[in-house]
Every structure is written in C-alpha cells, then in structure tokens.
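# next comes the sequence, and after it the predicted model I'd like to discuss.
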Amino acid sequence: MTDAYRLENINVSLQQKDILSIDHLVIKAEQCTTLFGNNGAGKSTLLKLLAFTHRPTRGDISLFSQTVSWPLTPQQRKRIAFVEQHPFLLPGTVYDNIKLALSLQNIPASQHHALIKKALEETHTAHLLKQNTQTLSGGELKRVAIARAIAYQPDILLLDEPFSHLDIDHIEALETLIKSFSQTTGKTVILSTHNHLQGTALSQSTINLVAGKVTSAPLENRFSGYLRQQQFFTEKLVIETTSNLDRAQQLAIDPKQIIISNQPLESSMQNCFSGQIIFISEQATTCRLIVDCKEQFHATISLESLNTLKLQLGSQVYLSFKSSSVLVF
Amino acid sequence: MDYFTHSLAGAIGLLASFDPAIYQIVLTSILISLTASIIAALLAIPSGVAMALNQFRGKAFAQHLLNTLMAMPTVVIGLLLYGLFSRQGPLGPLGILYTPTAVIIAETVLIFPIMMNLAITAVNSADSRLVPTLISLGARPIPLAIQVIRATRYAMFAAVITGFGRAIGEVGAAMMLGGNIAGSTRTMTTAIALETSKGEFQLGLALGLILLLFAFVLNMSLSLLNRSNYD
C-alpha cells in the first residue's frame, strides 16, 4: 500500500503560538483514516494542510510520494477534495456550484451532466439540483458540499466533522457513502470527528491529536501540566512518571493500566490515590468507572472485579498505576 | 429668503422648459464621468483583486500609498496633469489639454485609487472561506480572480457607483484641464462655478438641483446594493 501523505517537521503557528507541530506522520492511501481530538486539538488545521488550502509555517508535505510545491499542479489539485466543517457554497444554484467545480478542474463539459447526476444521487440531493444555495438547510448544505467534492472524482476525500448538523438518517447514508468511497480501488478518506465510536467503526486507522501534536496516547485520563524531575504536576495532583521530557505539557494513562482496590496496595506501583466512584457504566464484559481523586480518572475493570470488590457509586476506593504506564508528551 | 425662493422657482422653470443648453451640459457631465468610471473600473477592480489575493513584499506600503492617493486634493491632480498636457509639457504635442479626453484622464486618475481601495475591501470582507474553497476546487489564479469578482459583484458595483459619484461632482481638475468650454468640456460643476460668478444664480441652482438628484439616485442604488448583498 502506498502513502497518500507524508509529513515531515510540520509546524503551523499563529502569532508565535504553535497550533500544530508534527515531526513525522504518514497517512496510508486506499483506506479510511480518522483524526480524533478535542476542540482546538488541530484537526481542522491538519485537514487544511492536507487539502493544501493553507501552507504550514514550515515543513514538507508529500502527496503520493511526490514533493508538493506551491501552487499545486492541476493534476495534484484534482486528486484532492475537501469538505470543511462549515462548507461554503457560492451564490447561485446547487447545479451552478457543482458545474463550477467541474469547470475549474478542467473536466470537459460533455461529461458534466453525468457527473453531476451521479454525485447528487450518491448524496441524496438530486431534488435540490435547481435550488438556490442561500435557501439550503445546514444538513442539505453539507450534503451538497460533499456532492460538489466527489463530483470530480478525486482520489482523496477530506472531511472535517462530516456528521455534524446531520440527522440520523443522513448520518447513516453518509456512513454508507464514506464506506463505499473508501472501498473503491485507489480511494482514500481522511475524516475528523470527536465521536470515538463512529470514527473507529468507519476507519482502518486513527490519528490522535492532542494540543497540536500527534500522539499514540489514549485520549482518556489526559491531564495538562508540567514535568519536573520525573514528577508531573497537574493542577491538583503530582503523578510519578519515568520521563525526563521536560518540555512535556500533557500526560495520559491508559484506563486499563489503572488498578482499583478497596485498601491501599503495598506494591511497586508508585502512584496511589484515594477517591470516590462517581460513575459506573457496564458494557458487555467490562465496566467503566470514573473515580474522583481531586482529578477524575477513567478506569476499565472486569464485571467480575466489580462484583468481587462490591463497588458502588460513592464507594471509597484506591487507584494505583505504575509510573512506567504513564505517557508524557 | 425671497431671493432664494424666487431663484428656486426660476431654476425649476428652467429645468421644466427643457433648455437644450442645460441638457447639453448634463449630457457632457454624464459622458465624461461614465467613460472615466468605466476605464477606472477596468483598471482598478482587477488590480484591487490581485492585490487583495496576493501576499507580496511591500504590500503594506502599497496600501498606504493608495490611501494617500485617495486623500490627494483634486486641484493637485489637476495641476500635475496640467503640467503634463500643457504645450511645454512632455505630453503637450498630443494636444489634449482643454478637451474632454483630458478631463476623462483626470477623473480616471482621481477615482482609480478610490475604486481600487473599495475593491480590496470587497475581497477582504468577503466570506473567509471563499478563496480557500475556490482553491481547493482547483481554481488557478485567473479563474480564481474571476470567481472572486463574481461572488463580490455587488460590492464591486458599489465601488464603481462611488467612483462615478465622485467624478460627476468633481470641479477642480475638470476646470483646470477642461477649461469649461461650452458644448465640449462644460460640465455641471464647472458650469455652476461659472454661472454663479456671472451672477446667473438661477442657472447654477438648476444644475445644482440635477447634481443633487444624481447624488440621491446614486446613494439610493448603493443602499439597494447593500441590501441585496446581505440577502
């Protein structure tokens, strides 16, 4: 499998503040990749870079193993389609918008009719053909923008929060569309979402973004703070780590690495905090807990342990984890 | 006050009588201002769009220069062009001093910075997603500029109307370069200046009324354009 994108030493900063900082990132072609991250994590910025509508402050991006120089060649442009979180449609009708995209991509006029029809059918927007874009609802606008993007048959489809503003029927239809698009030979989809379940179900690989950085860390149990001599200071707690990365500002702990007990444990684990269970949710074979020990920790335990330990909402418990299971970045 | 009402009645009478001399002056004014506006628009809108869409060294300086040109007194433009077109001037042999052409050139020079500035503002105040969207849809520089002008057409038209309004009401450069020659370069503004100094207050007032009417119609169309801009 080839690489759709390869990013090296990318930095995007605005007024001296780093918005995105990626040392190395490869996004595979011919599959669906999901970008996860909270608001402000840099998902949209990364997508704009991948769409080549914004230039990084520094760094290189290659597209299908070709180094990209500005402006892009028409062939490179035609391979990429980008649908922003709040897409912009030009004044005029839906038809005008898609027709314009096809003309700008130098697609012969003789093919326009068939391509417009196909794109509108795939996005269930055929009835909107002659409608003025000013009169579209939020969801319709989004679907039309997707129709406009896929009309010129790009190889890469970039979607920023594609499911926001859509009702359940259209979310399902869009999921089907994304699946069938990404399963077509040679097609790549990269989408951003903060909905973990949806993203994981659709994609073969995921990229986690935290505060403008790509991380392999889980997105739960994440705390901001600073590191001094292997101790990480959050606002309210001091967590022992094994890291010497002094510029680190984030810490994450895999919920599966947290051990819950009724009594303080005498063990090699350096981190032990007492707290109160404030949330319990049972899933198939596991159980998720949120324990409040000044900071809130998510922990995953088995249903069996839940029963053995007789855990209930409000129970006082101890949670422990190894300093080596803490990720700092 | 009696003098004023009496003159006003006389002025309205003059307009109602369809005096060909008056309408000749109005027509000259319109022709000169319209030609100047069209030429200035053809130059200023593409330049404004190009400047707004591109980042280049010295852009801030160019913007300052443009603002300075906008504030330049019209008699100074008249003076400089007079120097160029007068018999001893570098362009003297063309013999265009005291012709409508000279006035058109002066008005064009006068309103170009205004139109260009408004064109820049039009692009800068367009939806911030417009340009990235067009670029991602594959727009190369020229098609991009065309689509940006299309999307901001109301604001661009408003720029042209503003320029036309400025040209038709201008007196200093028109007087210095046109010479207020009846039937050739006598515009409404230069005629008002002349007739008033001759004591023909009624005729001046009649032309003034027409100028006011123009100002009213132009402003009205500007506010209509503004409204359709936001619909």
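Perfect, thanks for sending it.
# need the residues of the stretch 101-250 of chain A near chain B, please.
Along the stretch 101-250 of chain A, the residues adjacent to chain B under the rule C-beta under 8 Å from any C-beta of the partner chain are A:101, A:104-106, A:134, A:148, A:152. (Each C-beta comes from the backbone N, C-alpha and C, glycine too.)
# pick out whichever of these sits closest to A:V291.
Ranked by distance to A:V291 (C-beta to C-beta), these are led by A:R148 at 47.9 Å.
# contacting residues for the nearest residue to A:K236 once chain neighbours are set aside?
Among residues not flanking A:K236 along the chain, A:K294 sits closest, at 4.0 Å (C-beta to C-beta, 6 or more residues apart in numbering or on different chains). Contacts for A:K294 were tallied using C-beta atoms under 8 Å, 6 or more residues apart in numbering or on different chains; they are A:236-237, A:273, A:275.
# how about the residues you listed, which pair is most distant?
Using C-beta to C-beta, those span at most 11.4 Å, a distance reached by A:K236 and A:G275.
# more crowded one of those two?
A:G275 (19 against 10; other C-beta atoms under 10 Å in any protein chain shown).
# can you give the distance of the helix or strand hosting the more buried one from its chain's centre?
A:G275 belongs to strand A:271-282 when assigned by DSSP states H and E. Its chain's C-alpha centre and that of strand A:271-282 lie 28 Å apart, by C-alpha atoms, centre = their mean, to the nearest Å.
# buried stuff in that strand?
Of the residues in strand A:271-282, A:271-273, A:275, A:277 count as buried by neighbour count, 16 or more other C-beta atoms under 10 Å in any protein chain shown.
# for residue 76, grab phi and psi.
In the absence of a named chain, chain A is used. Backbone torsions of A:Q76, given as degrees, to the nearest 10, read phi -70, psi -40.
# wrong one, I was asking about chain B
phi -70, psi -40.
# ok, A:K294 next?
Main-chain torsions, A:K294, degrees, to the nearest 10: phi 70, psi -60.
# related to what we said a few turns ago, who are the packing partners of the strand holding A:G275?
Secondary-structure packing of strand A:271-282 (3 or more C-beta pairs under 8 Å, 6 or more residues apart in numbering or on different chains; DSSP states H and E): strand A:286-293, strand A:295-302, helix A:303-308, strand A:316-321.
# redo that, cut-off 10 Å
Contact partners of strand A:271-282 among helices and strands, from 3 or more C-beta pairs under 10 Å, 6 or more residues apart in numbering or on different chains; DSSP states H and E: strand A:238-240, strand A:259-261, strand A:286-293, strand A:295-302, helix A:303-308, strand A:316-321.
# for the very next helix or strand once past the first one, the averaged confidence score.
Past strand A:238-240, heading to the C-terminal end, the next element that is a helix or strand (DSSP H and E) is strand A:250-253. Mean pLDDT, strand A:250-253: 84.
# for A:L319, grab the count of nearby residues.
A count of neighbours around A:L319, defined by other C-beta under 10 Å, yields 22.
# beta-bridge partners for it, please?
In this structure, A:L319 bridges to A:I260, A:F273 when assessed by DSSP bridges.
# quick one, helices of chain A?
Secondary structure of chain A (DSSP state H): helices at A:43-50, A:74-79, A:94-104, A:109-122, A:138-151, A:168-183, A:196-202, A:303-308.
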